[in-house]
Structure formats: C-alpha cells, structure tokens
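> model the following, please.
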Amino acid sequence: MSEKKLAIIATKGTLDWAYPPFILASTAAALGYQVQIFFTFYGLQLVRKEMDLQVSPLGNPGMPMPMAMDKWFPVLGTAIPGMQRIMTIMMKSKMKSKGVASVEELRELCLEADVKMVGCQMTVDLFDFTHDNFIDGLEYGGAATFFEFAGESDITLYI
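Numbering: from 1, shown residues only. Next comes the predicted model:
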C-alpha cells in the first residue's frame, strides 16, 4: 500500500487562520502522510521570516470575545483604531495560558516532519516580495506544482 497524501492550500494570513494548515499538516505527517502545503495570496504571510500575524475581529462574528463582549460590544466597535492589536494580544495571551503552541513552533514542527512547503511564485511576484523574505526550506512554484501533488492526494483541503 502506498503512502497516503494530504495537500493543503493556505490562502489566509491572519493569526486565527495560521493554525489550521500547520496543525493539520503536522498531525498528518505524524500519522505517516506525505504532506504539502501550497501558500498563496495572503497565505504567504505564514512563511515569511518575520511574521506579524494579527486577529481581525471585524467580520468574524463567530469569534468568542472576552468578558462576553460579543453580547454587548457593537460589531462596529471592532473597527476602532488599535482594536485589532488589542484583540491579537488578548488571543495570544489566551493561547499561551492554555498551552497552545505558537505559529512559529507549529511551522518548525512541520519543517522537522518533512512537510513540503511551496510558496506561490506568482503571488511572490504580484506583491513584490523576494525569496529573502521567506523561511529557508520554502520551495516555489505555481498552480501546476500544486496540481501535480494534489492530483495524487487522498485528501485536499482549502484553508
């Protein structure tokens, strides 16, 4: 029986959207899957050397808020300047207090588990990035690179 494969497309670049691809990839790798994550558009933020990932409470009605703020704090209030930074600090603090690994730790775990990470070259060019902006070990390719792997995968996820 051949090795199972998991292909993931990571398109989001916020703190809350950084966890799913790395948790799923590292778990699948631990279970013996061959795993590839294709980072495109804002998902490229997850493989930058210098990450400054934030939580955006605006437009995220499912986000549980501290002090039951989701019950009394107006949604428009989340657009107040500085609110995104405050919510990010609160989320990071909550995660740390619950023993949740950081995005950097999960990303490193994936690299150690031989999860193949591919940055979308078209997006790199579109946003005027250079390969120096990204972590060592990141490969580059386009949609065809993703399809080559995903076409043989048992599971493909869009995150």
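
> who are the contact partners of the spatially most central residue of the chain?
Centroid-nearest residue in the chain, with C-alpha atoms, centre = their mean: Ala18, separated by 2.6 Å. Counting by C-beta atoms under 8 Å, 6 or more residues apart in numbering, Ala18 touches 12, 45-46, 53, 103. Any C-beta I mention is one placed from the backbone N, CA and C, and that applies to glycine too.

> go again with 10 Å.
10, 12, 43, 45-46, 51, 53, 102-104, 106-107, 159 (C-beta atoms under 10 Å, 6 or more residues apart in numbering).

> got it, and Gly141?
Contacts of Gly141 (C-beta under 10 Å, 6+ apart): 38, 118-122, 147-149.

> what is the least confident helix or strand in this structure?
helix 69-72 (a mean of 54; mean pLDDT, DSSP states H and E).

> packing partners of the helix or strand following that helix?
Following helix 69-72 in sequence order, the next helix or strand is helix 83-97 (DSSP states H and E). In terms of contacts (3 or more C-beta pairs under 10 Å, 6 or more residues apart in numbering; DSSP states H and E), helix 83-97 is packed against helix 15-30.

> flag every buried residue along the helix it packs on.
Neighbour counts over helix 15-30 (16 or more other C-beta atoms under 10 Å) mark 15-19, 21-26, 28-29 as buried.

> buried set for stretch 141-152?
Buried residues in stretch 141-152, counting neighbours by 16+ other C-beta under 10 Å, are found at 141, 145-146, 149-150.

> how far does it sit from its chain's centre?
From the chain centre to the centre of stretch 141-152 is a distance of 19 Å (C-alpha atoms, centre = their mean, to the nearest Å).

> please apply the same query to stretch 100-113.
On C-alpha atoms, centre = their mean, the centre of stretch 100-113 falls 11 Å from that of its chain.

> include distance to Tyr33 and pLDDT when you put the buried residues of stretch 141-152 into CSV, please.
Below are those laid out as CSV (distance: C-beta to C-beta, whole Å; pLDDT from 0 to 100):
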residue, distance to Tyr33, pLDDT
Gly141, 20, 98
Thr145, 19, 95
Phe146, 16, 95
Phe149, 12, 97
Ala150, 13, 97
